[in-house]
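Asks: structure of the sequence below:
(2 chains, ligands or ions: 2)
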Amino acid sequence: MAVKVGIPSSLLFYVFFPFWQSFFKEIGVQVVTSGKTTKSILDKGVREALADACVPVKLFFGHVIDIKDNVDYLFIPRVVCLNQKTIFCPKFLGLPDMIRFSVDNVPPVIDVRMDTRVGRFPLVKAYQEVGAYFGASKISALRAYLKARQVLNHYRALLIKGFTPAEAMARLNNPDESKPAPRPRENLKSNLKFAVLGYPYNIYDSFISVNILEKLKKLGVGVLTAENIHPFLLALQKNCGLPKRLFWTFSDIALKAAHFLFKHGRVDGVLHLTAFGCGPDSLLNKFIELEAKKHRNIPFMTLMIDEHTGEAGMATRLEAFVDMVRRRKEMIACQR
Amino acid sequence: MSKVTFPRMGESWRTFKMLLEDLGNEVVVPPRPSKKTLDLGVRHSPEFACFPLKILTGTYLETIEMGADTIVTSGGMGPCRAGEYAMLHHKILKDLGHDMKMIVFELPRYYPFNFIKNVWTLNKSRVCIRGIISRIKRAWRKLQALDNAEKLSHVVRPREINRGATTRVYHKILDWIDQAYTTEQIIEAEAAALEAMRNIPQDHTREVLKVGIIGEIYVLLEPASNLEMEETLGNLGVEVERSMFLTGWTRDNTWTETTQGMTVKEAAAPYLPELIGGHGRDSIGNTILFAKRGFDGMVQLAPFTCIPEIVARTILPRVSRDYDIPILTFFLDEQTGKAGMSTRLEAFTELMRRKKLLLKKKNVAQKNIYIA
Ligand code: SF4
Ligand code: SF4
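Replies: Numbers count the residues shown, from 1 in each chain, chains lettered A, B, ... in the order given. Ligands and ions are numbered 1, 2, ... in the order given. Now for the predicted structure:
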């Protein structure tokens, strides 16, 4: 029987899963994921993790507990820095250690460090190290790595086109599905378009985000996220008028996206989805809010999610916001 | 002329005031954080900002009322939030209508020019370079004197015969050190201060527990932010040893890592091999070092939502089990009450006492077996 490696479907899952999946497949390892977040996963996480931790980390604990007994290894790489400039939230840096030392009976954790600031070809080396756990030679690990890279590029291209991670992953797995792609850009015939900013693991986790993306679609609002904006356009934002770049990867992207959108006004409203207890968000949210103040023509709202966020409350707030924006837009149209 | 202010951390303001005045600046001394500071800070900071950031927002607003228009503070490269503080404070204050000048010191190792430029801006009276260096050295000596006095107070307080004597003397000697100006005076004041402290009537036979203090630097160094926890413990008959002092920390960060820094890192390595910003790794490493030195317990102080300390706190229960050392954690914010904290500290002290007694009995029993 093939060795099974468990990948919790949370945090970096939304950004790198296609890569990991393809890599492990190439070296002949079976991948097990914990699947979509459910109430029971969340409850397990809340019970096990420290009460003061942020919701996404609690959720990650839940996902780990959900699969830990069915796998031989847990894949929780220590992702420090991937673009030579910005790093990940300190909780990502200590993630494998938090899991290893506070969850009981965890299988061996593969906690290879990934930091592109040191050495040459650090990522290739990191994945060769991962491969070594399963007896894959350096050559075959390299081959798997290159193949996986292609998959990742493809995945990212799909995201930029406007697919959600779930849709993009489904397409990657069934490439020959001839069904015409629901070009998300075009289905925005609706006259309203919102940007939803925040970390991928909050926005795209339909359980913890209380299905915000679907809800907006039902209200007839087209949605744009930071992943749908070409990285080049984000890079043009430089330091967003700050003396120093925000040094957390996801926060940096979100702030850049906010600046870009406010400047070019391609959307009718901006939502920032932030998680209860998140450290970086406390700064990020303030920075976005202050920027929003300068652009009164684009309404802005912050939505905070936690383990108790209810469907009804979220729906009401969204409806009120959408109504407000819609009325505003009509009024401006009338005045013209 | 511009009026300069800076963050307040414990008694270190005495040194910074001297140094800035030496360079020809007019200084606004940041007041000790009070209820008013917290109210101001909480009102104008993001809800989930860490506690130190909130206090500093409040402090800055108070100093602005007192006429300050320039803030000298530190930057940093992360990975923690402290490195972004200055930018956020600048924006918050600007939003409130105060366009403050920020002088942000980044690590000289990475930004040598920033360091020189900042020193030059602050050097109002155009002291020559040699002069600057000697002034910094003198300020450093004063910082050491202040730290040494504080360290000794932690040893004396649990043994004092008249409750409160140490605190009274401590406040008096702070003034002595404060008034000393030349290096000779500082050394003399320090000697006199330590002498005065040693002369406090003490009971040396008292059974004193030893507790190590770990956690995030700001709440460790500013007693107002941790509700004078060290004093409370001292009064309970506990000698505390804090893992961090400004003179210890600045050195680690300004020059290369000291040998002590190395061992903390090595000690933490099996549990947390990564530098996660703030003092998360130090908290773990120091716990192990303190445990090896036979301490009776640890107290961890962390600001509410502090990222590195949350990581550390998640791992610490395991360290506690492996090294058999009890650990008590406080997540501090504006709602933390002194009464609640005292109760928890008392219970914790009681637990350590009993544990120690049990251990002693066991040892005695074992000896008796040998004898029999
Ligand atoms: S960025 Fe925020 S939500 Fe994500 S792990 Fe860090 S603290 Fe948690
Ligand atoms: S170490 Fe903690 S308190 Fe300090 S900046 Fe980081 S999160 Fe805030």
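Asks: residue A:32 sits in which helix or strand?
Replies: Using DSSP states H and E, residue A:32 sits within strand A:30-33.
Asks: does the helix or strand following that strand come close to chain B?
Replies: Next along the chain after strand A:30-33, taking DSSP H and E as the criterion, comes helix A:39-48. No: judged by C-beta under 8 Å from any C-beta of the partner chain, helix A:39-48 stays clear of chain B, getting no closer than 10.0 Å. Any C-beta I mention is one placed from the backbone N, CA and C, and that applies to glycine too.
Asks: can you give me the buried ones in helix A:39-48?
Replies: Residues A:41-42, A:44-46, A:48 are the ones in helix A:39-48 that count as buried (16 or more other C-beta atoms under 10 Å in any protein chain shown).
Asks: pLDDT for the residues you listed - can I get that in JSON lines?
Replies: Shown next, in JSON lines, are those (pLDDT from 0 to 100):
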{"residue": "A:41", "pLDDT": "90"}
{"residue": "A:42", "pLDDT": "90"}
{"residue": "A:44", "pLDDT": "89"}
{"residue": "A:45", "pLDDT": "89"}
{"residue": "A:46", "pLDDT": "90"}
{"residue": "A:48", "pLDDT": "87"}
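Asks: now those as TSV including distance to ligand 2?
Replies: Shown next, in TSV, are the buried residues of helix A:39-48 (distance: C-beta to the nearest ligand atom, whole Å):
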residue	distance to ligand 2
A:41	27
A:42	24
A:44	26
A:45	21
A:46	22
A:48	22
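Asks: and the helix or strand where residue B:89 lies, how far out from the chain middle?
Replies: Element membership of residue B:89 [criterion: DSSP H and E] is helix B:85-95. Its chain's C-alpha centre and that of helix B:85-95 lie 24 Å apart, by C-alpha atoms, centre = their mean, to the nearest Å.
Asks: check stretch B:125-142 too.
Replies: Worked out by C-alpha atoms, centre = their mean, stretch B:125-142 lies 24 Å from the chain centre.
Asks: which strands and helices lie in contact with the strand holding residue A:32?
Replies: strand A:4-7, helix A:13-26 (3 or more C-beta pairs under 8 Å, 6 or more residues apart in numbering or on different chains; DSSP states H and E).
Asks: please identify the helix or strand for residue B:200.
Replies: Using DSSP H and E, residue B:200 falls outside every helix and strand.
Asks: run a quick neighbour tally on the closest residue to it other than its chain neighbours.
Replies: Nearest non-adjacent residue to residue B:200, counting by C-beta to C-beta, 6 or more residues apart in numbering or on different chains: residue B:165, 5.1 Å away. Using other C-beta atoms under 10 Å in any protein chain shown, residue B:165 is surrounded by 16 other residues.
Asks: could you do residue B:104 as well?
Replies: 21.
Asks: from the contact counts, what lies against the one helix or strand it maps to?
Replies: Residue B:104 belongs to strand B:101-105 when assigned by DSSP H and E. Helices and strands touching strand B:101-105, by 3+ C-beta pairs under 8 Å, 6+ apart, are strand B:70-74, helix B:85-95, helix B:112-122.
Asks: count residues in the vicinity of the closest residue to residue A:113 other than its chain neighbours, would you?
Replies: Take residue A:113 and drop its neighbours on the chain: the residue closest to it by C-beta to C-beta, 6+ apart is residue A:78, 4.6 Å away. Neighbour count of residue A:78, defined by other C-beta under 10 Å: 21.
Asks: quick check: residue A:78 touching residue A:111?
Replies: Yes: using C-beta atoms under 8 Å, residue A:78 makes contact with residue A:111 at a distance of 5.1 Å.
Asks: return every residue with contacts to both of those two.
Replies: Residues touching both residue A:78 and residue A:111 by C-beta atoms under 8 Å, 6 or more residues apart in numbering or on different chains: residue A:96.
Asks: can you list the low-confidence ranges for the stretch 51-200 of chain B?
Replies: Scanning the stretch 51-200 of chain B for pLDDT under 70 picks out the ranges B:76-79.
Asks: what does it put close to ligand 2?
Replies: B:52, B:80-82 (C-beta under 6 Å from any ligand atom).
Asks: secondary structure element for residue A:142?
Replies: Using DSSP H and E, residue A:142 falls in helix A:138-161.
Asks: show me what that helix is packed up against.
Replies: Helix A:138-161 packs on helix A:13-26, helix A:122-133, helix A:165-173, going by 3+ C-beta pairs under 8 Å, 6+ apart.
Asks: any idea which residue of the stretch 1-150 of chain A lies closest to ligand 2?
Replies: Using C-beta to the nearest ligand atom, residue A:90 is the residue of the stretch 1-150 of chain A that sits closest to ligand 2, at 7.5 Å.
Asks: which one of the helices and strands packed on strand A:30-33 lies nearest to residue B:22?
Replies: helix A:13-26 (51.5 Å; C-beta to C-beta).
Asks: tilt between the closest one and helix A:165-173?
Replies: Helix A:13-26 and helix A:165-173 are oriented at 20 degrees to each other (axes from the mean of the first three to the mean of the last three C-alpha atoms, to 10 degrees).
Asks: can you name the residues that contact the residue lying closest to residue B:304 once chain neighbours are set aside?
Replies: Sequence neighbours aside, residue B:333 is the residue nearest to residue B:304 in space, at 3.8 Å (criterion: C-beta to C-beta, 6+ apart). Each residue near residue B:333 by C-beta under 8 Å, 6+ apart is listed here: B:51, B:303-304.
Asks: quick one, strands of chain B?
Replies: Here chain B has its strands, by DSSP state E, at B:3-5, B:26-27, B:70-74, B:101-105, B:209-215, B:238-242, B:297-303, B:327-332.
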